[in-house]
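A.B. asks: Model the following, please.
(one chain, ligands or ions: 1)
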Amino acid sequence: MIQINNIRKKYGSSVILHGMTLRLEKSKAYGIVGENGAGKSTLFRCLAGLEHYQGNVIMEEHCRIGYLPDTPYFYPLVTGKEFLEFCLKAAHLPCTGEEINQYNKLFNLPLNSYPSKYSLGMRKRLMLMALMMQKCDFYIMDEPFNGLDVAGVIILKDWIVKRKREGSTFLISSHIISALTDICETLAYIHQGKMMKTYEGKEAVPKVIEDDLKKYILKEDI
Ligand SMILES: Nc1ncnc2c1ncn2[C@@H]1O[C@H](COP(=O)(O)OP(=O)(O)OP(=O)(O)O)[C@@H](O)[C@H]1O
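C.D. replies: Presented below is the predicted three-dimensional model:
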């Protein structure tokens, strides 16, 4: 269980997160939707330990966190294979060429080339491959479907379902509500740095959520 308690974040005098609280259970996936600038990436960066924030997060002592940023970044003169080796080494995990080749049967990337020569979707695939090879307890994934082709989306969804069964927890943002409802037990709607509503069970379907969001966007009462 991961308990996110009243996370608040300011940049200068601008309040970005007004107090986010969410309880995440083992073996479940939680989707976050919200307009551009709502604060999704800021929340994720806070949880990944990349930003200072107020509030607290309670998790098991040795919880291994995996973070997928919304915009992949790679060093210019590091090949795809070297990037994977670097990520695994930084996580104190063994990494053999054989294991890389095994995973690359799924991703089909030219790993001896520089990621600067990759397409957006290929760069996303490389980031995902690095994350999948780390076997984490808690995955924070910022717009993981963005840029992926159909095959990439299928690979990612299947892997999330499998990792959930093995006990991992997921927090995933996307602007494609149906991509989230396919794999998440709970969805949360963030608006201007506030957690407005959560959807579970029969409510966690695109039609219900989209109808609600229209009301928020048109500033009608829910
Ligand atoms: N480093 C920063 N300095 C100042 N303001 C920032 C910084 N990073 C983000 N912001 C602001 O914080 C707010 C939330 O941004 P954030 O990137 O978290 O939104 P988001 O919900 O992920 O949006 P999108 O859907 O467009 O990716 C925005 O108003 C943004 O301008």
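A.B. asks: going forward, measure contacts and count neighbours with C-alpha atoms only.
C.D. replies: Fine.
A.B. asks: any idea how the protein splits into domains?
C.D. replies: What automatic domain parsing lists as the domains of the chain is 1-64+137-222, 78-135.
A.B. asks: Just put these in a markdown table and tack on mean neighbour count.
C.D. replies: As requested, those are exported to a markdown table (neighbours: other Cα atoms under 10 Å):
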| stretch | mean neighbour count |
| --- | --- |
| domain 1-64+137-222 | 17 |
| domain 78-135 | 17 |
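A.B. asks: out of the ones you listed, which comes closest to the ligand?
C.D. replies: domain 1-64+137-222 (3.2 Å; Cα to the nearest ligand atom).
A.B. asks: hmm, back to that, turn the domains of the chain into CSV, including mean pLDDT and distance to T71.
C.D. replies: Shown next, in CSV, are the domains of the chain (pLDDT from 0 to 100; distance: least, Cα to Cα, whole Å):
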stretch, mean pLDDT, distance to T71
domain 1-64+137-222, 92, 9
domain 78-135, 92, 8
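A.B. asks: can I get the ones you listed in a markdown table with distance to D70?
C.D. replies: Formatted as a markdown table, the domains of the chain follow (distance: least, Cα to Cα, whole Å):
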| stretch | distance to D70 |
| --- | --- |
| domain 1-64+137-222 | 5 |
| domain 78-135 | 9 |
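A.B. asks: Can you tell me the element C95 falls in?
C.D. replies: Using DSSP states H and E, C95 maps to neither a helix nor a strand.
A.B. asks: Run a quick check on it versus E85, I expect a contact.
C.D. replies: Yes. Using Cα atoms under 8 Å, C95 is in contact with E85, at 6.3 Å.
A.B. asks: Is E210 part of a helix or strand, or is it coil?
C.D. replies: helix (DSSP: H, G, I helix; E, B strand; the rest coil).
A.B. asks: For it, give me its contacts.
C.D. replies: I177 (Cα atoms under 8 Å, 6 or more residues apart in numbering).
A.B. asks: Now do it against I217, distance only.
C.D. replies: Look at E210 and I217: by Cα to Cα, to the nearest Å, they are 10 Å apart.
A.B. asks: so how far is the lengthiest helix in the chain from its chain's centroid?
C.D. replies: Secondary structure of the chain read by DSSP state H shows that its longest helix is helix 150-165. Remark: helix 150-165 is offset 13 Å from the chain centroid, using Cα atoms, centre = their mean, to the nearest Å.
A.B. asks: Going along the chain from it, find the next helix or strand for me.
C.D. replies: strand 169-173.
A.B. asks: No further queries at this time; thank you.
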